[in-house]
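Mind folding the following:
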Amino acid sequence: MDKKTIVVVGAGQGLGNHVAKRFGKEGFRVVLMARNSESLKRYQQEFADEGIETFVHEADAKKTETLDVAFAWVKQQFGTPDVLVYNVGITAADEPDKMTSAELIRHYQTDVASAWHCARLVADEDFGKKQGVILFTGGGLATHPLATFTPLSIDKAALRALACLLHDELKPKGIYVGTLTVCGSIGIDTYFTPARMAETYWQMYNERGAWEVRYEYPELQGSDLSAQDYWAKAYELAEKYK
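So this is what the prediction gives:
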């Protein structure tokens, strides 16, 4: 049986690499994409030291032409991949009163439009025959927006809608699309450790169930708190789970 390939757009020491390693330890060939070539070389060596077959390709989510080149290379080298993980987002806090429409569009391209672009690059007939999987890293700001993260709140809501729409469109073709809605700060405590969260990606890959899985503190599951109260409670719980 041919080795399966996972492509992670948005490789990094946090969640992206942990998801890649989780699949790599199950025998997947790993392809890491990010805009920093030097970082990619370090990641490749790190993965190799752990016995994971890994390849890297520079790509910038702001520039779809670089994604075109990178995915064309993947298909030329390894054929149609089996899994795409889009783990890119501009997560810095903002000053909403100084935000321009041009800046909103810049964020949207990285956070949402390029996720759509990558999905379209892989979701062909061969991907369907391989029962391909597309996973997006979402965020709790999609359902509980904050003014201090205005672009990210808008974009995570859009990405959430995108995952839902693609799930319904591509499911009849044998393709599963899902989003992990991350309702906290990755790595801030023991509950949101990247390695633990990577297990959920692996579970989603295997179960191919609902289009959305919410990753949040158990105490907040099913809550009807306002956005401000929700994140205030999440901050309290981060102290508890340290």
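
need the contact list for the residue nearest to residue 81 when sequence neighbours are not counted.
Nearest residue to residue 81, sequence neighbours excluded (Cβ to Cβ, 6 or more residues apart in numbering): residue 5, at 4.3 Å. In this view, the C-beta of every residue, glycine as well, is placed from N, C-alpha and C. Taking Cβ atoms under 8 Å, 6 or more residues apart in numbering, we find residue 5 in contact with 28-31, 74, 78-79, 81-83.

Please name the bridge partners of residue 5.
When bridges are called by DSSP bridges, residue 5 pairs up with residue 29.

What residues does the closest residue to residue 174 other than its chain neighbours make contact with?
Leaving aside its chain neighbours, residue 174 sits nearest to residue 128 (4.2 Å; criterion: Cβ to Cβ, 6+ apart). Contacts for residue 128 (Cβ under 8 Å, 6+ apart) come out as 170, 173-175.

And for residue 97, the neighbour number?
7 (other Cβ atoms under 10 Å).

quick check, it in a helix?
Yes: assigned with DSSP: H, G, I helix; E, B strand; the rest coil, residue 97 falls within a helix.

now it: how far from residue 41?
According to Cβ to Cβ, to the nearest Å, residue 97 and residue 41 sit 41 Å apart.

and what of residue 216?
For residue 216, the distance to residue 41 - Cβ to Cβ - is 35 Å.

Compare those two (neighbour count), which wins?
More neighbours surround residue 216 than the other of residue 216 and residue 41, with 20 against 11 (other Cβ under 10 Å).

Let me know the pLDDT of the closest residue to that one other than its chain neighbours.
Counting by Cβ to Cβ, 6+ apart, residue 216 lies nearest to residue 183, which is 3.5 Å off, once chain neighbours are set aside. Note on residue 183: pLDDT of 97.

For residue 183, the count of nearby residues, please.
Residue 183, neighbours per other Cβ under 10 Å, totals 22.
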